[in-house]
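Novice: dropping a prediction and its sequence here:
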Amino acid sequence: MTTTQARTADRWTIGLPLLRIGLVAVASTIVWLLAGAQPEAFPPSPLLSSVAMLPVNIVCLAVVDRLVRRDGGSLREMLGWRRDRVWRDLAWGVLWLTVMYLPFVAVMIGLMALRFGADVFESFETVFVSGTLPELPAAVWGVLGVVAALTFAPLNAPAEELVYRGYVQGGLAKRMPVALAITIPAVLFGVQHIWYAPTPDAVVIFVCCFTVWGLISGLIYRWQGRLMPLVFAHGLVNLFFTLPALFIPFMIGA
């Protein structure tokens, strides 16, 4: 790698996640404006946020692919994709999902308890269920639900793992202490989730919880050295997140 290439890589190590966060913010705002720009409906509903991520994920995958190829690698190598390890990686993914889910939920409940005290569990619905949806025909909601279910998990999971863990953490680990190399992308990962929060009250909780998720993912990647198990874990979460969107047209019709 030449000196110029090294300087470019240094800039992109932080520039890539900032680009993604900016794209997420812009896409979410555009969707919110198209949906009526109701003040109480920002951030947009989870379904609209998922659909908004389609162009964002395509752009991020294209950019990280170009950066990795410029450095002489490939996304396949960075992911650690091997056909003969698919089921093993999936099993690891299920294990890591459990490992990450427990502290994620613990932080969420802890923050909710600090805010709501004894009413913590009664407050979950008001904080994590969006009560404001744009008035769209059931058919439109159906199309959006299918788009979200078919595109969000398959694209979002590898895009985020490649950006935050593969490219950014991997790049930072060559230039600074491991603790910082894991923490910086984890915090940026948490900040990105401002625009995924279902209600304004959930924003700070989402940032904290997903920062913890990013820290644990970073530790796993550092230890295991492969992204595919984390991609499977991440993809399962995204899939569970979007599948309920398929039922929105039936709920509206009822």
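Specialist: Right, received. Where do you want to start?
Novice: what about the helices in the stretch 101-250 of the chain?
Specialist: Secondary structure of the stretch 101-250 of the chain, counting by DSSP state H, counting those that start in this stretch: helices at 124-128, 138-160, 170-172, 178-192, 203-224, 228-242, 248-253.
Novice: any chance you could list what contacts the fourth one?
Specialist: Put plainly, it is helix 178-192. 14, 17-18, 20-21, 24, 160, 164-165, 168-169, 172-173, 175, 206-215, 217-219, 222 (C-beta atoms under 8 Å, 6 or more residues apart in numbering). All C-beta spots, glycine's among them, are computed from the backbone N, C-alpha and C.
Novice: any idea of the mean pLDDT for that helix?
Specialist: Predicted confidence along helix 178-192 averages 96 (mean pLDDT).
Novice: now do that helix against helix 138-160, angle only.
Specialist: For helix 178-192 against helix 138-160, the angle between stretch directions is 170 degrees (axes from the mean of the first three to the mean of the last three C-alpha atoms, to 10 degrees).
Novice: now helix 178-192 against helix 203-224, angle please.
Specialist: Angle, helix 178-192 to helix 203-224, by the same axes, to 10 degrees: 140 degrees.
Novice: alpha carbons only: can I get helix 178-192 in CSV?
Specialist: These are the backbone C-alpha positions of helix 178-192, laid out as CSV (Å, rounded to 0.1, in the frame of the first residue of the first chain):
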residue,chain,number,x,y,z
VAL,A,178,-7.6,-2.8,20.8
ALA,A,179,-10.0,-1.3,23.5
LEU,A,180,-10.4,1.9,21.5
ALA,A,181,-10.6,0.0,18.2
ILE,A,182,-13.6,-1.9,19.6
THR,A,183,-15.2,1.0,21.5
ILE,A,184,-15.2,3.7,18.7
PRO,A,185,-17.2,1.7,16.1
ALA,A,186,-19.5,0.4,18.9
VAL,A,187,-20.4,3.9,19.9
LEU,A,188,-21.0,4.9,16.3
PHE,A,189,-23.1,1.8,15.8
GLY,A,190,-25.2,2.9,18.8
VAL,A,191,-25.6,6.5,17.5
GLN,A,192,-26.8,5.2,14.1
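Novice: buried stuff in that helix?
Specialist: Using 16 or more other C-beta atoms under 10 Å as the burial criterion, the residues of helix 178-192 that qualify are Ala181, Ile182, Thr183, Ile184, Pro185, Ala186, Val187, Leu188, Phe189, Gly190, Val191, Gln192.
Novice: any low-confidence regions in the stretch 151-254 of the chain?
Specialist: 244-254 (pLDDT under 70).
Novice: nearest to Leu144 among the buried residues of helix 178-192?
Specialist: For these, the minimum distance to Leu144 (C-beta to C-beta) is 21.3 Å, reached by Gln192.
Novice: which of the helices of the stretch 101-250 of the chain sits closest to Cys60?
Specialist: Among these, helix 138-160 comes nearest to Cys60, with 4.7 Å by C-beta to C-beta.
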